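# Predicted model follows, preceded by the sequence.
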Amino acid sequence: MSKSLQAIRGMNDTLPEQTPLWRYLESKVSRLLDNYGYKQIRMPIVEFTELFKRSIGEVTDIVEKEMYTFEDRNGDSLTLRPEGTAACVRAVLEHGLTGGGQVQKLWYIGPMFRHERPQKGRYRQFHQIGVEVFNLDGPDIDAELIVLTWRLWGELGIRDAVKLELNSLGTSEARARYRAALVEYLSSRLGELDEDSQRRLKSNPLRVLDTKNADTQAVLVDAPKMVDYLDEESRVHFEGLKARLDTAGIPYTINPKLVRGLDYYSKTVFEWVTDKLGAQGTVCAGGRYDGLVEQMGGKPTSGVGFAMGIERLILMLETLEQIPEEIARQVDVYLCAFGEAAELAALALSERVRDQLPNLRLQINAGAGSFKSQFKKADKSGALYALILGDDELAQQVVGVKPLRGQGEQQTIAWDALAEHLAICIVQG
Ligand code: HAM
């Protein structure tokens, strides 16, 4: 017997019972971004592999180990995007959107792909909402990005459960000087480092700061500090950001070990982290990448952005029980019709009501059924009211309106008055 087909490990279906929460989150974020003046951009899911190698960096975990790369029928090497920044930079360059110093404030949403070891909060296909801003190089825009995410956490009811960590990586020259000092120090204590850190010391030394290994962490206590190597420009920028966050009342901690896993960052980096999700605690992360556009072949153009993981935010809403009541109910009114003549009338009546109340969530019973079975379905739908249309109601051009959640007695309403009646009932319900 053939084995039944299954989804690929780490790539999940979002089932009908889960999609209302996803749509709620997506609509909250998109409305917020609209209100702050950000415009949506949509990029392809597949790009030339070269794009990610050049932007994310050849010796990052993502490029070395996690990309879904394949050859297409033309022999081109393509990759399912592991993140959105690279493609966004490619798109703005390709379409000249940043030419002449034009400011762009953009956002995107969609699936990303990384071949990581799946666990709670970490998947191989996951979804990000990302924001990228071009041609604004002051700390005011870094602050705006943080302020708007802070507002989002407030709107979602998860603000108390997330903490902001900040760091500055300085300009690429400052980082190179720091890297040299760090390598010198760590090389002098090579034997005390774990194996992975020894490897990273050669390929990507700043990532040693990220280590979870206790022995290596002990060695890092006396390591040179990035902040002592910051250039003046980056230091002033970082102070400007901190002053704005202080004024806005947004708490943060400086984490000198925050280096991020992608190579394109300079100056500000930040992460919103939580202790509510276990090991995968970063819900939103980003920073400045002032050299990236030039590195990708464009004119010098500053950039800053972030991306949040939708699955992790959904897990947060569930864990903290911040699921709004309005999304638990998907149906306002369920129309039951008994007999063929009543069914015909029900269709016309429901369309009329839909014309009058475009926001009403009206479900009409399909597949006929007895009184009992239709009521059961009405109740199960979660509707506030059942509408009843049988031969008697048909003859009198009325409909029975039966409250299903204990809001009073059943009433008989004329067809002409139904929309108005429902409008009042639903608002009150
Ligand atoms: P990232 O830190 O690689 O940054 O990912 C951003 C967020 O995506 C993470 O904080 C997490 O919430 C979510 N995420 C990442 N990997 C997974 C996974 N395997 N499963 C579930 N969620 C995941 C970037 O991608 C940058 N492009 C962010 C950025 C935009 N920086 C500047 N602009």
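Arrived safely, thanks for sending.

# for the stretch 201-350 of the chain, what spans make up the strands?
Secondary structure of the stretch 201-350 of the chain (DSSP state E, counting those that start in this stretch): strands at 253-254, 268-273, 282-288, 303-309, 333-337.

# Please name whichever of those strands is nearest to Lys163.
Closest approach to Lys163 among the strands of the stretch 201-350 of the chain (C-beta to C-beta): strand 268-273, 5.6 Å. Just so you know, the C-beta spots here come from the backbone N, C-alpha and C atoms, and that holds for glycine as well.

# picking up where we left off before, Throw the strands of the stretch 201-350 of the chain into JSON lines and include distance to Leu241 and mean neighbour count, thanks.
Below are the strands of the stretch 201-350 of the chain laid out as JSON lines (distance: least, C-beta to C-beta, whole Å; neighbours: other C-beta atoms under 10 Å):
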{"stretch": "strand 253-254", "distance to Leu241": "11", "mean neighbour count": "12"}
{"stretch": "strand 268-273", "distance to Leu241": "6", "mean neighbour count": "24"}
{"stretch": "strand 282-288", "distance to Leu241": "10", "mean neighbour count": "24"}
{"stretch": "strand 303-309", "distance to Leu241": "10", "mean neighbour count": "24"}
{"stretch": "strand 333-337", "distance to Leu241": "51", "mean neighbour count": "25"}
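
# of all those strands, which lies closest to the ligand?
Nearest of the strands of the stretch 201-350 of the chain to the ligand, taken as C-beta to the nearest ligand atom: strand 303-309 at 2.5 Å.

# Quick check: can you name the pairing partners of that closest one and their directions?
strand 125-134 (antiparallel), strand 282-288 (antiparallel) (DSSP bridges).

# Looking at the longest one now, give me its mean pLDDT.
Spelled out, it's strand 125-134. Summarised as a single mean, pLDDT over strand 125-134 is 98.

# Dump the strands of the stretch 201-350 of the chain into a markdown table; add mean pLDDT and distance to Gly57 as well.
Listed next are those as a markdown table, based on pLDDT from 0 to 100; distance: least, C-beta to C-beta, whole Å:
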| stretch | mean pLDDT | distance to Gly57 |
| --- | --- | --- |
| strand 253-254 | 96 | 24 |
| strand 268-273 | 97 | 14 |
| strand 282-288 | 98 | 14 |
| strand 303-309 | 98 | 15 |
| strand 333-337 | 97 | 55 |
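
# Point out the one among those that comes closest to Gly157.
With C-beta to C-beta, the closest approach to Gly157 among the strands of the stretch 201-350 of the chain belongs to strand 282-288: 13.7 Å.

# Send over the helix or strand bottoming out on mean pLDDT in the chain as PDB, restricted to the C-alpha atoms.
When the helices and strands of the chain are scored by mean pLDDT, DSSP states H and E, helix 325-328 comes last with a mean of 77. Provided in PDB are the C-alpha atoms of helix 325-328 (Å, rounded to 0.1, in the frame of the first residue of the first chain):
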ATOM      1  CA  GLU A 325     -13.500  37.700  21.700                       C
ATOM      2  CA  GLU A 326     -14.700  39.100  18.400                       C
ATOM      3  CA  ILE A 327     -12.500  36.600  16.500                       C
ATOM      4  CA  ALA A 328     -13.800  33.600  18.500                       C
END
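
# by contact count, what packs against it?
Counting contacts by 3 or more C-beta pairs under 8 Å, 6 or more residues apart in numbering; DSSP states H and E, helix 325-328 packs against helix 19-35.

# Tell me how far the helix it packs on lies from the chain's centre.
Centroid separation for helix 19-35 versus its chain: 9 Å, with C-alpha atoms, centre = their mean, to the nearest Å.

# That one near the ligand anywhere?
No - Helix 19-35 is not in contact with the ligand by C-beta under 6 Å from any ligand atom; minimum separation 12.8 Å.

# Could you give me the buried positions within that helix?
Buried residues in helix 19-35, counted by 16 or more other C-beta atoms under 10 Å: 20-22, 24-25, 29, 32-33.

# Same check on stretch 133-149?
133-137, 139, 141-149.

# Stretch 324-333 too?
331-333.

# ok, the residue nearest to Leu277 when sequence neighbours are not counted - how many residues close by?
In this structure, Leu277 finds its nearest non-sequential neighbour in Gly121, 5.0 Å apart by C-beta to C-beta, 6 or more residues apart in numbering. For Gly121, the count of nearby residues is 20 (other C-beta atoms under 10 Å).

# How far away from the center of its chain is stretch 88-101?
With C-alpha atoms, centre = their mean as the basis, stretch 88-101 stands 24 Å off its chain's centre.

# Give me the buried positions along it.
Buried, per 16+ other C-beta under 10 Å, within stretch 88-101: 88-93, 97-98.

# which ones among these are found in helices?
Using DSSP state H, the members of those that fall in helices are 88-93.

# Serialize the residues you listed to CSV and add fields for distance to Cys284 and pLDDT.
As requested, these are exported to CSV (distance: C-beta to C-beta, whole Å; pLDDT from 0 to 100):
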residue, distance to Cys284, pLDDT
Cys88, 16, 98
Val89, 20, 98
Arg90, 23, 98
Ala91, 22, 98
Val92, 22, 98
Leu93, 25, 97
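
# Nearest to the ligand among the residues you listed?
Minimum distance to the ligand across those is 7.9 Å, recorded for Cys88 (C-beta to the nearest ligand atom).
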